[in-house]
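Colleague: Any chance you could fold what I've pasted below:
(one chain, ligands or ions: 8)
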Amino acid sequence: MELWISQASTRVTYMIVVLLGILVLLRTNGVECRRHRISDRLEYPAISCRAHSASLEDFGGVGDGITLNTKAFKAAVDHLSQFSLQGGSQLIVPPGKWLTGSFNLTSHFTLYLHKDAVLLATQDENEWTVIEPLPSYGRGRDTEGGRYISLIFGTNLTDVVITGDNGTIDGQGEPWWRKFRAGELNYTRPYLIEIMYSQNIQISNITLMNSPSWHVHPVYCRNIIIRGLTILAPVTIPNTDGINPDSCTNTQIEDCYIVSGDDCIAIKSGWDEYGIAFGMPTKQLVIRRLMCISPFSAVIALGSEMSGGIQDVRAEDIIAINSESGVRIKTAVGRGGYVKDIYVRRMTMKTMKWVFWMTGNYGSHPDNDYDPNALPVIENINYRDIVAENVTMAARLEGISGDAFSGICISNVTIGLTQKPKKLQWNCTDVAGISSSVTPQPCDLLPDQGPEKIMACNFPEGNVPIENTKFQMCSYMSQNL
Ligand SMILES: *[C@@H]1O[C@H](CO)[C@@H](O)[C@H](O)[C@H]1NC(C)=O
Ligand SMILES: *[C@@H]1O[C@H](CO)[C@@H](O)[C@H](O)[C@H]1NC(C)=O
Ligand SMILES: *[C@@H]1O[C@H](CO)[C@@H](O)[C@H](O)[C@H]1NC(C)=O
Ligand SMILES: *[C@@H]1O[C@H](CO)[C@@H](O)[C@H](O)[C@H]1NC(C)=O
Ligand SMILES: *[C@@H]1O[C@H](CO)[C@@H](O)[C@H](O)[C@H]1NC(C)=O
Ligand SMILES: *[C@@H]1O[C@H](CO)[C@@H](O)[C@H](O)[C@H]1NC(C)=O
Ligand SMILES: *[C@@H]1O[C@H](CO)[C@@H](O)[C@H](O)[C@H]1NC(C)=O
Ligand SMILES: *[C@@H]1O[C@H](CO)[C@@H](O)[C@H](O)[C@H]1NC(C)=O
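Modeller: Residues are numbered from 1 along each chain as shown. Ligands and ions are numbered 1, 2, ... in the order given. Predicted structure coming up:
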C-alpha cells in the first residue's frame, strides 16, 4: 500500500518536513527508511496545497478496469471531507484503470490523477443518478425533465483542484451517443466534470475524452482556472463540447488542445425565459493559447444559450484547423440577454467554412413559453489580427431584423480562399460596424475606414482579476512501505 505524507507550499518547508520525516522513521523503523524512495515525489503548481493526502487504494479502490470504484471514491471523499477546515486534503488516483460511476467532490480538496491513471466512466445507466435540470435552462438539454449527474460533480464548494500529470478521464460515451441518436434516452446525457455554485476552482493538466456530452461545465461559479487540458472526442458526435463556462465570472482558460464534434469552447448563460429569470451572466473570461479542431462547429461559440448575458470575453492566440467557424455568435428572438464587449485577436486558422459567423435565428427554444419580445442585444464585438487560409466563405453575418447587431469591428484580417470559394464572400444582414485592412473586401454594412485604421478594433489592456492568481508549488512524498 502506498502512503502519502507531508505537504508544504514551498521547497524549503518541503525539505524540512522530509528531513523530519526521515528522522522519525530512522528512530522508529530503519527498514522502512531504507525503502524510502525519493523518486516518489509529487510536485505540481496549484491554487492551494493540502495538509492531508491519501490514495484511492486506501479506500478499497481496484484499478483493474473491471471492478467498480464508485464506493471507493465516495468513501474517500467522505473521509477526506473531514479535513476541509484542517488544511484540506488530496486524493491521489494511482496508475491503473479505475472504472467508476459518478462521485462528488468536497471543498478544500484536490483530485490528482497520476499520468498512468485512467478513470473509466461506467456505461451502466443505472449507476447514474438523475438530478434536477439547471434553473437557468428549465429542462435538460437533450430531453425534457432531469439529467444524469456528471461523472465528477461538485456543488456549493470552495477551493477545488482537479489536476494530474496528464492522467486521463475517459467517458466511454459510445453507448450514450448511440442511444441519443436513436432517441432512446429518457434524460439528458451526463457531462464529465460539472461544478455548480462554487468558487476558486482549478482544472489542469489532465486529458478528457469521449464524454457522453460536454466535457467540462462550470456553472454559476466564480474564479476558475482551466489550464493544460487535452480534450478528445470523435468529430462526428453531437454535443461533445470541450469547455462550457456557463453563468460564470472571472474565468481563465489557457493552453488547451481540443478536438470536438461540437464547439471547442461554448460560452453560455441560460436559455430563454429560464435564463432571463435566473439572470446570471458569464463575464470576465479570458481564453488564450487554444488549439481547436472542430469540423462541424465553432472554435469558440457565444450562445446559443446566452439569456443571462455574456460580457467581457477576451480571446487571443488561438489556432484552429479544419473547423467550421471561428468565434461565432448564436442567438435568437426569445433569448433576451446580451453579448457585448467581446475582444478577439491573433487567430490563425486553416481550412474553415466561415471565418466570421453570427446567427440571429438560431431557434432552439426550451418550450413554447418563450417571450417573442425578448430580443438579445449584440454589441461591441471586436476582431483583429487574424490570418486564415483555405476558407470557403469569409463571413456570414445574420443579425435580427429590427434588432441589428451593432458595433462590430473587424481589422487587419487576411483570408485566403479555397480552390472552390463561394462567389459571395461577405453576406451581411441586420448588422452595423466598421472594418479596416480586411481582405477580401467586407460588405457595405462594415464600411472600410482605410488602412490607417488597421488597429481600430479594441482589445483591453490590463488583466481580469483571475490572471493575478498566485500558484503555489505543492510537494508530497510517497513511501512504499
Ligand atoms: C452527489 O450530489 C448530488 C447532489 O447533491 C446528489 O444527488 C448525489 O446523490 C450525490 N452523489 C453521491 C455519489 O453521493
Ligand atoms: C447552493 O447554493 C445555491 C445558491 O446559493 C443555493 O440556492 C442552494 O440551496 C445551495 N445548495 C446546497 C446544497 O447548499
Ligand atoms: C497528454 O495526453 C494526451 C493524450 O494521450 C496527449 O495527446 C497530450 O500530448 C499529452 N499532453 C502532454 C502535455 O503531455
Ligand atoms: C425510459 O422510459 C420508458 C417509459 O417510461 C421505459 O420503458 C424505459 O425503460 C426507460 N428507459 C431507460 C433507459 O430508463
Ligand atoms: C502543467 O504541466 C506543465 C508541464 O507540461 C507544467 O509546466 C505546468 O506547471 C503544469 N501546470 C499546472 C497548473 O498544473
Ligand atoms: C496584423 O496581423 C498580423 C497577424 O496577426 C500581425 O503579425 C501584425 O502585426 C498585425 N498588424 C498590426 C499593424 O497590428
Ligand atoms: C482546403 O479545404 C478543402 C475543403 O474546403 C479541403 O478539402 C482541402 O483538403 C483543404 N486543403 C488543404 C491544403 O488543407
Ligand atoms: C445571404 O444571407 C441571407 C440572410 O441570411 C440569405 O437569405 C441569403 O440566401 C444569403 N445569400 C447568399 C448568396 O448566400
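
Colleague: which residues of the stretch 351-481 of the chain score low on pLDDT?
Modeller: The stretch 351-481 of the chain contains residues with pLDDT under 70 at 478-481.

Colleague: Mind doing that once more with 50?
Modeller: Across the stretch 351-481 of the chain, the ranges flagged by pLDDT under 50 are 479-481.

Colleague: With the chain instead?
Modeller: 1-39, 479-481.

Colleague: List the contacts of stretch 189-197.
Modeller: The contact list for stretch 189-197 (CB atoms under 8 Å, 6 or more residues apart in numbering) reads 102, 105, 121, 128, 134, 142, 147-157, 160, 162, 169, 171, 173, 176, 180, 201, 203, 208, 211-221, 224, 239. For glycine as for every other residue, the C-beta is placed from the backbone atoms N, C-alpha and C.

Colleague: Of these, keep whichever come out buried.
Modeller: Buried members of the contacts of stretch 189-197, scored by 16 or more other CB atoms under 10 Å, are 102, 105, 121, 128, 134, 142, 147-155, 157, 160, 162, 169, 171, 173, 176, 180, 201, 203, 208, 211-221, 224, 239.

Colleague: From the residues you listed, which land in helices?
Modeller: Among these, DSSP state H puts 176, 180 in helices.

Colleague: Counting neighbours, what do you get for Ala332?
Modeller: The local packing of Ala332 (other CB atoms under 10 Å) involves 23 other residues.

Colleague: Ok, Gln172 next?
Modeller: For Gln172, the number of neighbouring residues by other CB under 10 Å comes to 17.

Colleague: same check, this time on Asp165
Modeller: Asp165 has 15 nearby residues by other CB under 10 Å.

Colleague: Kindly report the same for Gly308.
Modeller: 27.

Colleague: Use 301 as the first number for this chain going forward.
Modeller: In the new numbering, first residue 301, that becomes Gly608.

Colleague: That one reaches Pro581, doesn't it?
Modeller: Yes. Between Gly608 and Pro581 a contact is recorded at 4.9 Å, counting by CB atoms under 8 Å.

Colleague: so how far does stretch 369-389 reach from one end to the other?
Modeller: End-to-end distance for stretch 369-389: 19 Å, by CA to CA, to the nearest Å.

Colleague: wait, I meant stretch 515-530
Modeller: End to end - CA to CA - stretch 515-530 spans 11 Å.

Colleague: just how off-centre is that stretch within its chain?
Modeller: Offset of stretch 515-530 from its chain centre (CA atoms, centre = their mean, to the nearest Å): 5 Å.

Colleague: check whether that stretch contacts ligand 2.
Modeller: No. Using CB under 6 Å from any ligand atom, we find that stretch 515-530 stays clear of ligand 2, coming within 7.0 Å at best.

Colleague: quick one: the nearest residue to Ala598 once chain neighbours are set aside from Ser348, how far?
Modeller: Counting by CB to CB, 6 or more residues apart in numbering, the nearest residue to Ala598 once its immediate chain neighbours are dropped is Arg628, at 3.9 Å. According to CB to CB, to the nearest Å, Arg628 stands 36 Å off from Ser348.

Colleague: and stretch 434-442, which residues are buried?
Modeller: 434, 436-442.

Colleague: how about that stretch, does it get close to ligand 2?
Modeller: No. Using CB under 6 Å from any ligand atom, stretch 434-442 never reaches ligand 2; the gap is at least 8.6 Å.

Colleague: List of residues touching that stretch?
Modeller: For stretch 434-442, using CB under 8 Å, 6+ apart, the contacting residues are 433, 445-447, 480, 485, 487-489, 496, 513, 519-520, 539, 546-547, 569-575, 578, 580, 605, 607-608, 666-667.
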